[in-house]
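> Based on what follows, work out the 3D shape:
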Amino acid sequence: MRVNVEMVAGIVGLVVLMGVPSVAVAQNAGEIAGGYQFMRDFALDENFPAGWFVSGAGNLSDNIALVGEVSGSQKSESFFDVTADADILAFLGGVRVGASAGPVIPFAQVLVGGARAKVTLRGFGERESSSETAFALQPGGGVDIPFAENVSARAMVDYRRIFFHDDSGANEVRVAVGIVVGFGGN
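Take a look at the predicted model:
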């Protein structure tokens, strides 16, 4: 399945422009977040238990933010004298829509960008690597639970589709938890 990158960029741009008139009413100007992620790759039929994410967001309004995120997942396995290391690095940006619902703040987001999959084989004194970077689409959502002024705990679940150049793809589900720090409020 081919993805029309221009169409996706146009939709993201339209959603962003809808939030621009209300920039002045945002509670915080933005946020930074980071934490742990567990990822399941269905194409490889493998779990990636070692992972991390770092994100930043700039609020356009009380309910809409521009988001940038970098995340990584790693896995290593050994077979006799050969070790295989698999790494997936994603660099994505997009739009988040959220709303206050009492003590928790639910949100949904759609991120687009790239993902690099790299496999390295080491053994018998040799080392060989192969990698590919491809377009990625990652819709998801979660909740922020405030526990101090401008500090929240975050829990989220995302689905990521990576569109490799040979028309194969990866379907991944990610569960992440972390800390969010808001800054620059009214």
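> Go through this structure and flag its longest strand.
Secondary structure of the chain per DSSP state E: the longest strand is strand 126-148.
> and that one, which strands flank it?
strand 105-123 (antiparallel), strand 151-163 (antiparallel) (DSSP bridges).
> mind showing which ranges of this structure have poor pLDDT?
The chain contains residues with pLDDT under 70 at 1-27, 186.
> is it possible to export the strands paired with strand 126-148 to a markdown table including mean neighbour count?
C-beta coordinates here come from the backbone N, C-alpha and C atoms, glycine included. Listed next are those as a markdown table, based on neighbours: other Cβ atoms under 10 Å:
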| stretch | mean neighbour count |
| --- | --- |
| strand 105-123 | 17 |
| strand 151-163 | 18 |
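> Run the angle between the helix or strand Val67 falls within and strand 151-163 for me.
Val67 is part of strand 64-79, with elements assigned from DSSP states H and E. Strand 64-79 runs at 70 degrees relative to strand 151-163, counting by axes from the mean of the first three to the mean of the last three Cα atoms, to 10 degrees.
> Hmm, Gln37 is touching Ser55, no?
No: Gln37 is not in contact with Ser55 according to Cβ atoms under 8 Å; the separation is 11.0 Å.
> re earlier: can you redo the strands paired with strand 126-148 as CSV with distance to Leu89?
CSV is the format used below for these (distance: least, Cβ to Cβ, whole Å):
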stretch, distance to Leu89
strand 105-123, 5
strand 151-163, 11
